[in-house]
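Student: generate a structure from the sequence data that follows.
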Amino acid sequence: MEELKKVEIPVIWHSQQDARGHYNCTTFINDIMDSNHCGPHIAGWDGIPKGTEGAIVIVHGGREEGRFQKLQNDILPLEWVLLIFLGDEEGSFPAEMIEHPNKVWWVQEPIPGRHDHANRFLIDGYTPKTRKFVTFHKALVSMGKSKKKDLDWVFAGQVTHVRRRDCVDALRTIDWGGVIVETKGYCQGVSIEEYHDLLLRAKIVPCPSGPCAPDAARAWEALECGAIPILDEYSPRFQCDGYWTKVLGPHPLPVIRDWAALPFRIKELLEDWPAKASECQRWWESYKAWMKAALALDLYELHLRHK
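Tutor: Numbers count the residues shown, from 1 in each chain. Purely as a prediction, here's the structure:
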């Protein structure tokens, strides 16, 4: 792919004024694009370099409701486009209806039946500060100033819908090893530093779904912090068996359908935790590397296709 490396790949943020976005939903894709030396990053369409033939276009779907035709018109002059739809677990933007003769499209938190034909699926991703906290925690552990994996399980977050209530109710039946920190709203509980400290101390992190999609940032933050996430197969919005296999492909992460079974699943995972945790970490590093390669491959094929 040497030919691609010589080609500048502009990244057009269709609705981000800072031309990056610093949220859970943008951090993972930013990491992937940086690994492929994509850029420059441009807020809106006014700063596109002259002669641009193709680009990555990031659409923060939830913010773009009602701007379907604008996006459609904006991308038509491009010879090729890689569309990435982020931050729209409600599915308010009709990503599946955007047309272009030479496109690839990725969707974060896909909706079964609507996004089945997307080329790639994206996870929600971790916070922009997660890796900083992981590095800092490891330094403290090495100096004996912090604890390492002394909690069997941790849940810290909002309990705002039935899947989360079922998860927390099941955790409350366990009288050993864990911590529940229930918050009233997003970022309204413990500080982000304390939240990450809990994840870094945890062996297992139950991850009930977001309000619309089974995915949420907690799972990927847990993996970055060396814990095993237990993924939710369902969400309050839909029950679709095989969601995680569709999004991730083959994977070793535990998935749960009935949160009443959570105490048994935690006990089972703890019995062989070191081996299972290592398997999950190996998969996580491999998955991130595979997604970086997938972006490079899609860009390469788009670039060649219009020649």
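Student: hey, let's count contacts and neighbours off CA atoms from now on
Tutor: Noted.
Student: I'd like the mean pLDDT over stretch 95-106, please.
Tutor: Across stretch 95-106, pLDDT averages out at 96.
Student: then that stretch to PDB, C-alphas only?
Tutor: Output in PDB follows, covering the C-alpha atoms of stretch 95-106 (Å, rounded to 0.1, in the frame of the first residue of the first chain):
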ATOM      1  CA  ALA A  95     -27.300   6.900   7.100                       C
ATOM      2  CA  GLU A  96     -28.400   3.900   5.000                       C
ATOM      3  CA  MET A  97     -30.000   6.200   2.500                       C
ATOM      4  CA  ILE A  98     -27.000   8.300   1.600                       C
ATOM      5  CA  GLU A  99     -25.900   7.700  -2.000                       C
ATOM      6  CA  HIS A 100     -22.600   7.900  -3.800                       C
ATOM      7  CA  PRO A 101     -21.200   5.900  -6.700                       C
ATOM      8  CA  ASN A 102     -17.900   5.200  -4.900                       C
ATOM      9  CA  LYS A 103     -18.400   5.000  -1.200                       C
ATOM     10  CA  VAL A 104     -17.600   2.800   1.800                       C
ATOM     11  CA  TRP A 105     -19.600   3.400   5.000                       C
ATOM     12  CA  TRP A 106     -19.000   2.600   8.600                       C
END
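Student: check contacts around Leu199.
Tutor: 154, 205, 221-222, 225, 227 (C-alpha atoms under 8 Å, 6 or more residues apart in numbering).
Student: and the helices in this protein?
Tutor: In the chain, the helices defined using DSSP state H lie at 2-5, 24-35, 68-75, 130-142, 162-171, 192-201, 217-224, 243-248, 262-271, 273-305.
Student: tell me how many other residues crowd Asp165.
Tutor: Just so we're on the same page, residue 165 is Arg rather than Asp. By other C-alpha atoms under 10 Å, the residues close to Arg165 number 15.
Student: might one say that it is in contact with Phe155?
Tutor: No. Arg165 sits out of contact with Phe155 when judged by C-alpha atoms under 8 Å, with a separation of 11.6 Å.
Student: which other residues reach stretch 298-307?
Tutor: Contact partners of stretch 298-307, identified using C-alpha under 8 Å, 6+ apart, comprise 1, 4, 54, 79-82, 102-104.
Student: pull out the buried residues from those residues.
Tutor: 4, 54, 79-82, 102-104 (16 or more other C-alpha atoms under 10 Å).
Student: which single one of those residues is nearest to Thr183?
Tutor: Leu82 (37.8 Å; C-alpha to C-alpha).
Student: is that closest one bridged to anything, and to what?
Tutor: Ile56, Val104 (DSSP bridges).
Student: quick one: contacts for Gln17?
Tutor: Gln17 neighbours (C-alpha under 8 Å, 6+ apart): 43-44.
Student: separation between it and Gln72?
Tutor: Distance check for Gln17 against Gln72: by C-alpha to C-alpha, to the nearest Å, it reads 20 Å.
Student: which one of the contacts of Leu199 has the most neighbours?
Tutor: Highest count within these by other C-alpha under 10 Å belongs to Ala227, 29 neighbours.
Student: how about that residue, nearest residue that isn't a chain neighbour?
Tutor: With C-alpha to C-alpha, 6 or more residues apart in numbering as the criterion, Ala227 has its nearest non-adjacent residue at 4.8 Å, and that residue is Lys203.
Student: what residues are up against Gly210?
Tutor: Counting by C-alpha under 8 Å, 6+ apart, Gly210 makes contact with 216, 235.
Student: that one and Leu71: what is the separation?
Tutor: Distance from Gly210 to Leu71, by C-alpha to C-alpha: 27 Å.
Student: ok, now Glu233?
Tutor: Counting by C-alpha to C-alpha, the gap from Glu233 to Leu71 is 33 Å.
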